[in-house]
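Chemist: give me a 3D structure for the following:
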Amino acid sequence: MSTATPGHKLAGGVQRITSSALGRYQSAIVRIGFSATYLLFLLRELPHRHEMYGPDAPWRWDMAKQLISGNESLSVLMWSDSTAWFEIVYAVVLLSAALLMVGWHTRAMSVLFMVGVLSLQNRSVFLGDGGDNVVHLMAIYLVLTRCGQVWSLDARRAARARRTESEVDGESEQEPGAGGARPALNVAGTILWLVLGLALVVATATDGLGGTWWLPTLFWVLWIGHGAWWAVNRYAPQSELRTLLDVLANLAHNATLVVIMAEVCLIYATAGWYKVQGSRWQDGTALYYPLNLDYFTPWPALSDLLASNGVMVMVLTYGTVIVQVAFPFALFNRRVKNVLLVAMMCEHAGIALLLGLPFFSMAMIAADSVFLPTVFLVWLGGRVTLGRQLLFSRTGRVPEQRRGGEEEAPQHSGSSGHTLVG
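Modeler: Down below sits the predicted model:
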């Protein structure tokens, strides 16, 4: 029988949310999913980029400029109407999406990714759909998460730095008088920080960050905070200031993860309850109509086969409504939640196949991934690692074996578990 008092339980809860970033694997899969979705979308639309967001778009640059001046949104494409500037921005967005996916300097890449997504979508606001809205929101949320702690190049670099530090400490114990080495200078990160700082100064001076006050403030807080984080890690890794920065980062991450979960629940709850009010969803025939629209039939024979089966159409129509309405309530039961989660992911896979909406489906599956069990994600990561090792072994290159998964779960070099409240 537990003897913990409510005060002890509250202290334990506060200790947990301040001492570590929860859902590290979930935030990593969300990062990979959304960056991969947008990267593939940009690559697919590469031949049509000028007609969608560039100088040949029906929604002309001057029209977009007038709209943006009214709604105070952000788009760096409004800084110039030249084709060269558009090509530079498009290339930077492509590169940031790829680097965010692999987790190279994740914090900086998440900011560049957010700016790129907002810039392209705000340039041609009438091209978006539901999937673009989800990408839009998640690009903002990812900036505030510590989504590079696992499954990233940052995690691998941190693990190697810890191994080097432990080896130096071991040599210091054997050789009196040999001090521990200062962490190695990250040249690429320093240059990236300086370049982004210069761009931020120019953008602020020219009023190129939109008409709101909070977005420039957010950029400056992130830039200054990242510089402070680097300085403290390098010169005072065991200090209380290091603990304070870690606590603030964990709080921001955990709060944002809750917001992402609430956002997904809100999407499904509103979609489900709106469907309940529709007569075609009530009589079980709603799915029949998109299956007979040429625009949503990439595989006409498959769509005709499914549409001709009235029972299957009715089951899928009612099943869609039931799953979407029930999912927010299923979070209180882990097993039911996992079953409905699989059902929703299968539903989005079916939408991608039958209705020809792959990027909408990829975006929603990436959002759903925030609810995947950690045990499954760890198992999935192990299978991917094993497959990579088998692939390299066949080509004659055997990658270095990980030691106990330490590269997948980096911790800061300070006292593990120490927070401001304990």
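Chemist: contacts and neighbour counts: CA atoms only from here.
Modeler: Noted.
Chemist: now the helix or strand that contains M109, how far from the chain's geometric center?
Modeler: For M109, the element it lies in under DSSP states H and E is helix 106-123. Centroid separation between helix 106-123 and its chain, computed with CA atoms, centre = their mean, to the nearest Å, is 12 Å.
Chemist: so what does that helix touch, helix or strand wise?
Modeler: In terms of contacts (3 or more CA pairs under 8 Å, 6 or more residues apart in numbering; DSSP states H and E), helix 106-123 is packed against helix 61-71, helix 83-102, helix 130-143.
Chemist: of all those, which one comes closest to G382?
Modeler: helix 83-102 (16.7 Å; CA to CA).
Chemist: sorry, back to before: tilt between the helix holding M109 and helix 61-71?
Modeler: Between helix 106-123 and helix 61-71, the angle comes out at 110 degrees (axes from the mean of the first three to the mean of the last three CA atoms, to 10 degrees).
Chemist: thought A367 was touching A28?
Modeler: No. Using CA atoms under 8 Å, A367 is not in contact with A28; the gap is 11.5 Å.
Chemist: for F360, give me its contacts.
Modeler: If you count contacts by CA atoms under 8 Å, 6 or more residues apart in numbering, F360 has them with 129-132, 352.
Chemist: with distance to M362 and pLDDT added, can I get these in a markdown table?
Modeler: Below are the contacts of F360 laid out as a markdown table (distance: CA to CA, whole Å; pLDDT from 0 to 100):
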| residue | distance to M362 | pLDDT |
| --- | --- | --- |
| D129 | 13 | 84 |
| G130 | 12 | 85 |
| G131 | 8 | 87 |
| D132 | 11 | 92 |
| A352 | 8 | 94 |
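Chemist: just give the number of residues close to V195.
Modeler: A total of 12 residues lie near V195 under the criterion other CA atoms under 10 Å.
Chemist: related to what we said a few turns ago, closest one of the contacts of F360 to F86?
Modeler: Nearest member of the contacts of F360 to F86, counting by CA to CA, is D132, at 19.9 Å.
Chemist: what's the neighbour count on the closest one?
Modeler: The local packing of D132 (other CA under 10 Å) involves 17 other residues.
Chemist: start at 348 instead
Modeler: All right, first residue 348 from here; so that's D479.
Chemist: that one and P563, how far apart?
Modeler: Distance of D479 to P563, given as CA to CA, to the nearest Å: 23 Å.
Chemist: same deal with G495?
Modeler: 24 Å.
Chemist: and these two? Which one has more around it.
Modeler: Neighbours of G495 and P563, each counted by other CA under 10 Å, are more numerous for G495; the result is 29 against 18.
Chemist: so is the more buried one in a helix, a strand, or just coil?
Modeler: Three-state assignment for G495 (DSSP: H, G, I helix; E, B strand; the rest coil): coil.
Chemist: show the subsequent helix or strand relative to the lowest-mean-pLDDT helix or strand in the chain.
Modeler: For the chain, using mean pLDDT, DSSP states H and E, the weakest element among its helices and strands is helix 500-521, scoring a mean of 77. As assigned by DSSP H and E, the chain's next helix or strand after helix 500-521 is helix 534-552.
Chemist: give me the residues contacting that next one.
Modeler: Here helix 534-552 makes contact (CA under 8 Å, 6+ apart) with 452, 455, 556, 563, 566-567, 570, 574.
Chemist: 7 Å instead?
Modeler: Outside helix 534-552, the residues within contact range by CA atoms under 7 Å, 6 or more residues apart in numbering are 452, 556, 570.
Chemist: could you export the residues you listed to CSV, including columns for distance to L592?
Modeler: Listed next are these as CSV, based on distance: CA to CA, whole Å:
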residue, distance to L592
H452, 18
L556, 27
W570, 14
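Chemist: give me the lowest-pLDDT entry from those residues.
Modeler: Least confident of the contacts of helix 534-552 in the model: L556, at 88.
Chemist: so what's the residue count around that one?
Modeler: L556: 22 surrounding residues under other CA under 10 Å.
Chemist: out of everything not next to it in sequence, what's closest to it?
Modeler: Distances taken as CA to CA, 6 or more residues apart in numbering place L421 nearest to L556, at 5.7 Å, with adjacent residues excluded.
Chemist: mind checking the SS state of the one you found?
Modeler: coil.
Chemist: from D554, how far off is it?
Modeler: Per CA to CA, L421 is found 11 Å from D554.
Chemist: just V660 next, same as before
Modeler: For V660, the distance to D554 - CA to CA - is 53 Å.
Chemist: again with A575
Modeler: 25 Å.
Chemist: same thing with N480?
Modeler: Separation of N480 from D554 (CA to CA): 25 Å.
Chemist: and F707, by the same measure?
Modeler: 33 Å.
Chemist: and what of P645?
Modeler: From P645 to D554 the distance is 45 Å (CA to CA).
Chemist: H483 too?
Modeler: From H483 to D554 the distance is 22 Å (CA to CA).
Chemist: can you pick out the residue with more neighbours from these two?
Modeler: The neighbour comparison of H483 against D554 (other CA under 10 Å) goes to H483, with 19 against 12.
Chemist: contacting residues for the more buried one?
Modeler: H483 touches 464-465, counting by CA under 7 Å, 6+ apart.
Chemist: just give me the neighbour total for V662.
Modeler: Residue neighbour count, defined by other CA under 10 Å, stands at 13 for V662.
Chemist: V490 touches A455, doesn't it?
Modeler: No. Between V490 and A455 there is no contact, the gap being 8.5 Å when judged by CA atoms under 7 Å.
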